[in-house]
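Enquirer: structure of the sequence below:
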Amino acid sequence: MAPTIERFLFEGQVHCTGTSETDPRNLLQYLDENLIFLKQRLVPANFERVLSVMWAVSSKSLSDILHKSIEKRKPPHFFVSLYETFKVLLNFFYGEKIPTDSNLVSTRRLLELFSADSATLVDSFYRERWQEQNKNVSCPRGSVAVKLQNTGSHLRVMVLNCRNLKPFSNMRKSLSGDVGAHPSKFTRNNRLNKSSHNLSKSIESKVDIVLDKFESLRQGVQDARVRAHLNSNNGMSSPYVTVKLVPGPAGAVAVTKVKTTPRSRTLFPMFDETFDLVLPGEVPLESLFLLLSVKDLGPLGDRILLGEAIVPLTEVTRGEELEDLADFEQIQLPLSLPSSSQLYILTSLHTRSHLSRERRHWMNTQKRRIFM
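Expert: All right, here's what the predicted structure looks like:
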(Lines give C-alpha, C1' and ligand atoms only; values in the text may rest on other atoms or scores of the structure.)
Protein backbone atom coordinates (compact mmCIF):
# COMPACT_ATOMS: atom_id res chain seq x y z
CA MET A 1 0.00 0.00 0.00
CA ALA A 2 2.90 2.38 0.66
CA PRO A 3 3.68 3.11 -3.04
CA THR A 4 -0.01 3.74 -3.75
CA ILE A 5 -0.41 6.07 -0.76
CA GLU A 6 2.74 8.00 -1.69
CA ARG A 7 1.51 8.32 -5.30
CA PHE A 8 -1.84 9.67 -4.12
CA LEU A 9 -0.14 12.20 -1.86
CA PHE A 10 2.48 13.38 -4.33
CA GLU A 11 0.34 13.54 -7.44
CA GLY A 12 -2.44 15.17 -5.45
CA GLN A 13 -0.01 17.97 -4.60
CA VAL A 14 1.09 18.29 -8.21
CA HIS A 15 -2.46 18.75 -9.51
CA CYS A 16 -4.11 20.49 -6.51
CA THR A 17 -7.31 21.02 -8.53
CA GLY A 18 -9.83 19.05 -6.52
CA THR A 19 -10.93 17.12 -9.62
CA SER A 20 -7.91 14.97 -10.39
CA GLU A 21 -8.17 11.22 -10.04
CA THR A 22 -5.19 11.47 -7.68
CA ASP A 23 -6.63 14.29 -5.57
CA PRO A 24 -5.92 13.86 -1.82
CA ARG A 25 -9.64 13.37 -1.18
CA ASN A 26 -9.47 10.25 -3.32
CA LEU A 27 -6.72 9.03 -1.02
CA LEU A 28 -9.29 9.02 1.78
CA GLN A 29 -11.66 7.05 -0.44
CA TYR A 30 -8.85 4.57 -1.16
CA LEU A 31 -8.09 4.20 2.55
CA ASP A 32 -11.78 3.96 3.44
CA GLU A 33 -12.42 1.16 0.95
CA ASN A 34 -9.44 -0.82 2.22
CA LEU A 35 -10.44 -0.32 5.85
CA ILE A 36 -14.01 -1.49 5.18
CA PHE A 37 -12.63 -4.57 3.43
CA LEU A 38 -10.23 -5.34 6.29
CA LYS A 39 -12.73 -4.68 9.07
CA GLN A 40 -15.10 -7.27 7.63
CA ARG A 41 -12.37 -9.91 7.69
CA LEU A 42 -10.30 -9.14 10.82
CA VAL A 43 -10.96 -9.40 14.52
CA PRO A 44 -10.99 -5.99 16.32
CA ALA A 45 -7.49 -6.37 17.80
CA ASN A 46 -5.91 -7.14 14.44
CA PHE A 47 -7.90 -4.38 12.76
CA GLU A 48 -6.51 -1.83 15.25
CA ARG A 49 -2.99 -3.02 14.43
CA VAL A 50 -3.66 -2.64 10.70
CA LEU A 51 -5.07 0.84 11.31
CA SER A 52 -1.90 1.80 13.17
CA VAL A 53 0.28 0.46 10.34
CA MET A 54 -1.74 2.36 7.72
CA TRP A 55 -1.28 5.62 9.63
CA ALA A 56 2.46 4.93 9.94
CA VAL A 57 2.69 4.34 6.18
CA SER A 58 0.65 7.45 5.36
CA SER A 59 2.55 9.72 7.76
CA LYS A 60 5.93 8.43 6.56
CA SER A 61 4.98 9.02 2.92
CA LEU A 62 3.81 12.53 3.70
CA SER A 63 6.95 13.23 5.72
CA ASP A 64 9.15 12.03 2.84
CA ILE A 65 7.32 14.28 0.39
CA LEU A 66 7.64 17.18 2.82
CA HIS A 67 11.41 16.87 3.19
CA LYS A 68 11.96 16.34 -0.54
CA SER A 69 9.86 19.43 -1.26
CA ILE A 70 11.88 21.48 1.23
CA GLU A 71 15.10 20.41 -0.49
CA LYS A 72 13.63 21.38 -3.87
CA ARG A 73 12.43 24.72 -2.43
CA LYS A 74 8.81 24.32 -3.45
CA PRO A 75 6.65 27.47 -3.27
CA PRO A 76 4.51 28.18 -0.16
CA HIS A 77 1.19 27.28 -1.86
CA PHE A 78 2.50 23.73 -2.31
CA PHE A 79 2.99 23.39 1.46
CA VAL A 80 -0.41 24.97 2.13
CA SER A 81 -2.03 22.17 0.15
CA LEU A 82 0.18 19.55 1.78
CA TYR A 83 -0.68 20.89 5.23
CA GLU A 84 -4.42 20.63 4.47
CA THR A 85 -3.88 17.02 3.39
CA PHE A 86 -2.00 16.34 6.62
CA LYS A 87 -4.86 17.71 8.73
CA VAL A 88 -7.45 15.69 6.80
CA LEU A 89 -5.43 12.49 7.26
CA LEU A 90 -4.94 13.21 10.94
CA ASN A 91 -8.67 13.70 11.41
CA PHE A 92 -9.41 10.56 9.37
CA PHE A 93 -7.27 8.32 11.61
CA TYR A 94 -7.58 9.95 15.03
CA GLY A 95 -10.44 12.45 15.04
CA GLU A 96 -10.06 14.72 18.07
CA LYS A 97 -7.73 12.34 19.94
CA ILE A 98 -4.49 13.50 18.30
CA PRO A 99 -1.38 11.69 19.64
CA THR A 100 1.68 13.58 20.92
CA ASP A 101 4.18 11.62 18.85
CA SER A 102 7.46 13.52 18.34
CA ASN A 103 7.56 12.80 14.59
CA LEU A 104 4.00 14.03 14.18
CA VAL A 105 4.78 17.21 16.12
CA SER A 106 7.88 17.80 14.00
CA THR A 107 5.97 17.28 10.74
CA ARG A 108 3.21 19.63 11.85
CA ARG A 109 5.80 22.26 12.85
CA LEU A 110 7.52 22.12 9.45
CA LEU A 111 4.23 22.30 7.54
CA GLU A 112 3.09 25.30 9.59
CA LEU A 113 6.33 27.15 8.89
CA PHE A 114 6.71 26.41 5.18
CA SER A 115 3.04 27.13 4.46
CA ALA A 116 3.08 30.46 6.33
CA ASP A 117 3.55 33.84 4.64
CA SER A 118 6.67 35.95 5.17
CA ALA A 119 5.08 38.36 7.66
CA THR A 120 3.91 35.45 9.85
CA LEU A 121 7.39 33.89 9.80
CA VAL A 122 9.08 37.14 10.85
CA ASP A 123 6.53 37.54 13.65
CA SER A 124 7.17 33.93 14.76
CA PHE A 125 10.92 34.59 14.80
CA TYR A 126 10.64 37.52 17.21
CA ARG A 127 7.90 35.89 19.28
CA GLU A 128 9.98 32.74 19.81
CA ARG A 129 12.93 34.87 20.86
CA TRP A 130 10.70 36.70 23.34
CA GLN A 131 9.52 33.38 24.80
CA GLU A 132 13.08 32.09 25.13
CA GLN A 133 14.15 35.36 26.72
CA ASN A 134 11.47 34.96 29.41
CA LYS A 135 12.95 31.57 30.32
CA ASN A 136 16.44 33.05 30.63
CA VAL A 137 16.85 33.68 34.37
CA SER A 138 20.63 33.35 34.69
CA CYS A 139 21.50 36.18 32.21
CA PRO A 140 24.76 34.59 30.93
CA ARG A 141 25.32 37.52 28.53
CA GLY A 142 24.32 40.21 31.01
CA SER A 143 21.22 42.41 31.05
CA VAL A 144 19.92 45.83 30.10
CA ALA A 145 17.63 48.00 32.27
CA VAL A 146 14.98 50.23 30.67
CA LYS A 147 11.79 52.15 31.38
CA LEU A 148 9.08 52.08 28.72
CA GLN A 149 5.90 54.00 27.98
CA ASN A 150 3.42 53.68 25.12
CA THR A 151 1.47 56.92 24.59
CA GLY A 152 -0.54 55.52 21.68
CA SER A 153 1.31 57.39 18.94
CA HIS A 154 4.83 57.29 20.42
CA LEU A 155 7.01 54.85 22.33
CA ARG A 156 9.20 56.46 24.96
CA VAL A 157 12.31 54.46 25.91
CA MET A 158 14.69 55.31 28.74
CA VAL A 159 17.88 53.23 28.57
CA LEU A 160 19.25 53.16 32.13
CA ASN A 161 22.21 50.79 32.28
CA CYS A 162 23.67 47.40 31.48
CA ARG A 163 24.88 44.90 34.02
CA ASN A 164 27.51 42.19 33.98
CA LEU A 165 28.25 42.34 30.25
CA LYS A 166 30.43 39.60 28.77
CA PRO A 167 33.10 40.92 26.38
CA PHE A 168 33.50 39.11 23.09
CA SER A 169 36.66 37.07 23.64
CA ASN A 170 36.07 33.71 21.96
CA MET A 171 37.86 33.76 18.60
CA ARG A 172 36.70 30.24 17.80
CA LYS A 173 33.35 31.74 16.84
CA SER A 174 34.78 34.52 14.70
CA LEU A 175 33.02 35.59 11.53
CA SER A 176 35.18 33.27 9.42
CA GLY A 177 33.51 30.28 11.03
CA ASP A 178 29.93 31.47 10.79
CA VAL A 179 27.21 30.05 8.59
CA GLY A 180 26.91 32.07 5.42
CA ALA A 181 30.50 33.36 5.59
CA HIS A 182 31.30 32.03 2.11
CA PRO A 183 28.20 32.79 0.05
CA SER A 184 30.05 33.48 -3.20
CA LYS A 185 31.65 30.06 -3.39
CA PHE A 186 28.50 28.06 -2.62
CA THR A 187 26.20 30.14 -4.83
CA ARG A 188 28.41 29.86 -7.87
CA ASN A 189 29.17 26.18 -7.41
CA ASN A 190 25.45 25.46 -7.16
CA ARG A 191 24.93 27.16 -10.51
CA LEU A 192 27.57 25.13 -12.33
CA ASN A 193 26.08 23.18 -15.19
CA LYS A 194 27.72 19.76 -15.34
CA SER A 195 26.87 19.40 -19.02
CA SER A 196 28.40 22.71 -20.06
CA HIS A 197 31.42 23.01 -22.28
CA ASN A 198 34.86 22.33 -20.74
CA LEU A 199 36.00 25.84 -21.63
CA SER A 200 33.08 27.34 -19.73
CA LYS A 201 33.87 25.13 -16.76
CA SER A 202 37.49 26.22 -16.85
CA ILE A 203 36.55 29.92 -16.84
CA GLU A 204 34.09 29.48 -13.98
CA SER A 205 36.66 27.46 -12.04
CA LYS A 206 39.22 30.24 -12.38
CA VAL A 207 36.67 32.81 -11.26
CA ASP A 208 35.86 30.60 -8.26
CA ILE A 209 39.55 30.53 -7.31
CA VAL A 210 39.74 34.33 -7.45
CA LEU A 211 36.55 34.67 -5.38
CA ASP A 212 37.84 32.17 -2.81
CA LYS A 213 41.09 34.08 -2.43
CA PHE A 214 39.20 37.36 -2.08
CA GLU A 215 36.94 35.79 0.55
CA SER A 216 39.96 34.47 2.48
CA LEU A 217 41.56 37.92 2.36
CA ARG A 218 38.35 39.56 3.54
CA GLN A 219 37.99 37.12 6.44
CA GLY A 220 41.65 37.64 7.36
CA VAL A 221 41.12 41.39 7.55
CA GLN A 222 37.99 40.91 9.64
CA ASP A 223 39.77 38.59 12.07
CA ALA A 224 42.66 41.06 12.39
CA ARG A 225 40.23 43.88 13.18
CA VAL A 226 38.49 41.76 15.81
CA ARG A 227 41.85 40.87 17.42
CA ALA A 228 42.77 44.54 17.54
CA HIS A 229 39.39 45.21 19.12
CA LEU A 230 39.92 42.58 21.82
CA ASN A 231 43.51 43.62 22.57
CA SER A 232 42.56 47.28 22.98
CA ASN A 233 39.77 46.55 25.46
CA ASN A 234 41.85 44.10 27.52
CA GLY A 235 38.90 42.11 28.89
CA MET A 236 36.56 45.12 29.05
CA SER A 237 34.18 46.63 26.49
CA SER A 238 33.04 50.00 25.15
CA PRO A 239 29.30 49.32 25.03
CA TYR A 240 26.40 51.25 23.58
CA VAL A 241 22.75 50.34 22.98
CA THR A 242 20.79 50.61 19.73
CA VAL A 243 17.01 50.95 20.01
CA LYS A 244 14.64 50.13 17.14
CA LEU A 245 11.16 48.91 16.30
CA VAL A 246 10.88 45.69 14.29
CA PRO A 247 9.67 44.65 11.79
CA GLY A 248 9.12 47.62 9.51
CA PRO A 249 6.21 48.18 7.10
CA ALA A 250 6.10 46.68 3.60
CA GLY A 251 8.77 44.07 4.36
CA ALA A 252 11.31 46.50 5.82
CA VAL A 253 13.59 45.14 8.55
CA ALA A 254 13.00 47.98 11.05
CA VAL A 255 10.94 51.15 11.45
CA THR A 256 13.47 53.46 13.08
CA LYS A 257 16.79 53.20 14.88
CA VAL A 258 18.54 55.32 17.53
CA LYS A 259 21.51 54.64 19.78
CA THR A 260 23.08 55.74 23.03
CA THR A 261 26.51 57.28 23.47
CA PRO A 262 29.25 54.62 23.91
CA ARG A 263 30.81 54.20 27.36
CA SER A 264 34.54 53.40 27.49
CA ARG A 265 36.06 50.29 29.08
CA THR A 266 33.30 49.05 31.34
CA LEU A 267 31.05 46.05 31.84
CA PHE A 268 28.49 48.03 33.88
CA PRO A 269 27.77 51.10 31.73
CA MET A 270 25.37 53.85 32.87
CA PHE A 271 23.42 55.59 30.08
CA ASP A 272 20.27 57.32 31.41
CA GLU A 273 19.26 58.38 27.88
CA THR A 274 15.66 58.79 26.70
CA PHE A 275 14.34 58.32 23.17
CA ASP A 276 10.96 59.06 21.61
CA LEU A 277 10.01 56.69 18.78
CA VAL A 278 7.05 57.37 16.50
CA LEU A 279 4.83 54.31 16.14
CA PRO A 280 4.02 53.51 12.48
CA GLY A 281 0.32 53.64 11.75
CA GLU A 282 0.55 51.07 8.95
CA VAL A 283 1.89 48.30 11.23
CA PRO A 284 -0.49 46.79 13.86
CA LEU A 285 0.67 47.19 17.45
CA GLU A 286 0.37 43.42 17.95
CA SER A 287 3.04 42.86 15.28
CA LEU A 288 5.64 45.33 16.62
CA PHE A 289 8.58 44.55 18.89
CA LEU A 290 11.13 46.75 20.61
CA LEU A 291 14.63 45.44 19.91
CA LEU A 292 17.50 46.57 22.16
CA SER A 293 20.97 45.58 20.90
CA VAL A 294 24.04 45.99 23.11
CA LYS A 295 27.21 46.36 21.03
CA ASP A 296 30.90 46.80 21.77
CA LEU A 297 32.59 49.63 19.83
CA GLY A 298 36.19 48.89 18.83
CA PRO A 299 39.09 51.29 18.12
CA LEU A 300 38.74 50.78 14.36
CA GLY A 301 35.01 51.31 14.37
CA ASP A 302 34.14 47.61 14.63
CA ARG A 303 30.84 46.85 16.30
CA ILE A 304 30.59 43.46 17.99
CA LEU A 305 27.16 42.37 19.18
CA LEU A 306 27.14 41.35 22.86
CA GLY A 307 23.44 40.53 23.13
CA GLU A 308 19.87 41.59 22.40
CA ALA A 309 16.63 42.03 24.33
CA ILE A 310 13.12 41.98 22.86
CA VAL A 311 9.84 43.38 24.16
CA PRO A 312 6.48 43.06 22.34
CA LEU A 313 4.75 46.44 22.27
CA THR A 314 1.63 44.79 23.65
CA GLU A 315 3.59 44.29 26.89
CA VAL A 316 4.49 47.98 27.24
CA THR A 317 2.51 50.05 29.76
CA ARG A 318 0.16 52.64 28.28
CA GLY A 319 0.40 56.15 29.68
CA GLU A 320 -0.25 59.83 29.03
CA GLU A 321 2.36 61.97 27.28
CA LEU A 322 2.62 64.35 30.26
CA GLU A 323 3.59 61.56 32.67
CA ASP A 324 7.18 61.51 33.86
CA LEU A 325 8.97 58.42 32.51
CA ALA A 326 11.18 58.43 35.62
CA ASP A 327 8.12 57.37 37.65
CA PHE A 328 7.64 54.19 35.62
CA GLU A 329 8.85 50.81 36.81
CA GLN A 330 12.35 49.74 35.79
CA ILE A 331 12.47 46.61 33.61
CA GLN A 332 15.54 44.36 33.69
CA LEU A 333 15.86 42.42 30.42
CA PRO A 334 18.28 39.50 29.95
CA LEU A 335 20.48 39.65 26.86
CA SER A 336 20.46 36.79 24.38
CA LEU A 337 21.10 35.87 20.74
CA PRO A 338 19.01 33.85 18.25
CA SER A 339 19.11 30.12 18.98
CA SER A 340 19.11 27.03 16.78
CA SER A 341 15.34 26.67 17.29
CA GLN A 342 14.87 29.64 14.95
CA LEU A 343 16.83 28.02 12.10
CA TYR A 344 13.72 26.40 10.60
CA ILE A 345 11.99 29.78 10.51
CA LEU A 346 14.95 31.35 8.70
CA THR A 347 15.15 28.39 6.32
CA SER A 348 11.44 28.78 5.54
CA LEU A 349 11.96 32.48 4.82
CA HIS A 350 14.92 31.66 2.58
CA THR A 351 12.61 29.78 0.18
CA ARG A 352 10.60 32.96 -0.53
CA SER A 353 11.50 34.43 -3.90
CA HIS A 354 9.98 37.90 -3.42
CA LEU A 355 12.04 38.98 -0.40
CA SER A 356 13.89 42.28 -0.56
CA ARG A 357 17.66 42.50 -0.50
CA GLU A 358 17.44 44.09 2.94
CA ARG A 359 15.41 41.17 4.30
CA ARG A 360 17.82 38.58 2.86
CA HIS A 361 20.75 40.41 4.44
CA TRP A 362 18.83 40.33 7.73
CA MET A 363 18.32 36.56 7.41
CA ASN A 364 22.04 35.92 6.80
CA THR A 365 22.92 38.10 9.79
CA GLN A 366 20.54 36.15 12.05
CA LYS A 367 22.03 32.84 10.89
CA ARG A 368 25.53 34.05 11.76
CA ARG A 369 24.37 35.17 15.19
CA ILE A 370 22.95 31.73 15.96
CA PHE A 371 26.50 30.33 15.84
CA MET A 372 28.19 33.14 17.79
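
Enquirer: can we go C-alpha only for contacts and neighbour counts from here?
Expert: Fine.

Enquirer: helix or strand for residue 38, which one?
Expert: Secondary structure assignment for residue 38, by DSSP states H and E: helix 24-39.

Enquirer: so for that helix, mean pLDDT?
Expert: Per-residue pLDDT over helix 24-39 has a mean of 71.

Enquirer: between the helix or strand just after that helix and helix 24-39, how big is the angle?
Expert: Following helix 24-39 in sequence order, the next helix or strand is helix 44-71 (DSSP H and E). With axes from the mean of the first three to the mean of the last three Cα atoms, to 10 degrees as the basis, helix 44-71 and helix 24-39 are set at 160 degrees to each other.

Enquirer: give me the residues contacting the following helix or strand past helix 44-71.
Expert: Going down the chain from helix 44-71, the next helix or strand is helix 76-94, by DSSP H and E. With contact meaning Cα atoms under 8 Å, 6 or more residues apart in numbering, helix 76-94 is reached by 13, 16, 24, 28, 51, 55, 62, 66, 98, 108, 111-112, 114-117, 352.

Enquirer: whatever helix or strand comes next after helix 76-94 to helix 76-94, inter-axis angle?
Expert: Next along the chain after helix 76-94, taking DSSP H and E as the criterion, comes helix 102-115. Counting by the same axes, to 10 degrees, helix 102-115 lies at 150 degrees to helix 76-94.

Enquirer: buried residues in helix 102-115?
Expert: For helix 102-115, the buried set under the neighbour-count rule, 16 or more other Cα atoms under 10 Å, comprises 104, 107, 110, 111, 112, 113, 114, 115.

Enquirer: and for stretch 133-142?
Expert: Buried-residue list, stretch 133-142, by 16+ other Cα under 10 Å: 133, 139, 141, 142.

Enquirer: just stretch 274-281 next, same as before
Expert: By neighbour count on 16+ other Cα under 10 Å, the buried set for stretch 274-281 is 274, 275, 277, 279, 280.

Enquirer: ok, stretch 279-296 next?
Expert: 279, 280, 287, 288, 289, 290, 291, 292, 293, 294, 295, 296.

Enquirer: any idea of the mean pLDDT for stretch 338-358?
Expert: 86.

Enquirer: now do the same end-to-end measure for it.
Expert: Counting by Cα to Cα, to the nearest Å, you get 18 Å between the two ends of stretch 338-358.

Enquirer: any idea how many residues pack against residue 338?
Expert: Number of residues near residue 338 (other Cα atoms under 10 Å) recorded here: 22.

Enquirer: before we move on, back to that, got JSON lines for the buried residues of helix 102-115, with pLDDT too?
Expert: As requested, those are exported to JSON lines (pLDDT from 0 to 100):
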{"residue": "104", "pLDDT": "83"}
{"residue": "107", "pLDDT": "88"}
{"residue": "110", "pLDDT": "91"}
{"residue": "111", "pLDDT": "91"}
{"residue": "112", "pLDDT": "92"}
{"residue": "113", "pLDDT": "92"}
{"residue": "114", "pLDDT": "92"}
{"residue": "115", "pLDDT": "91"}
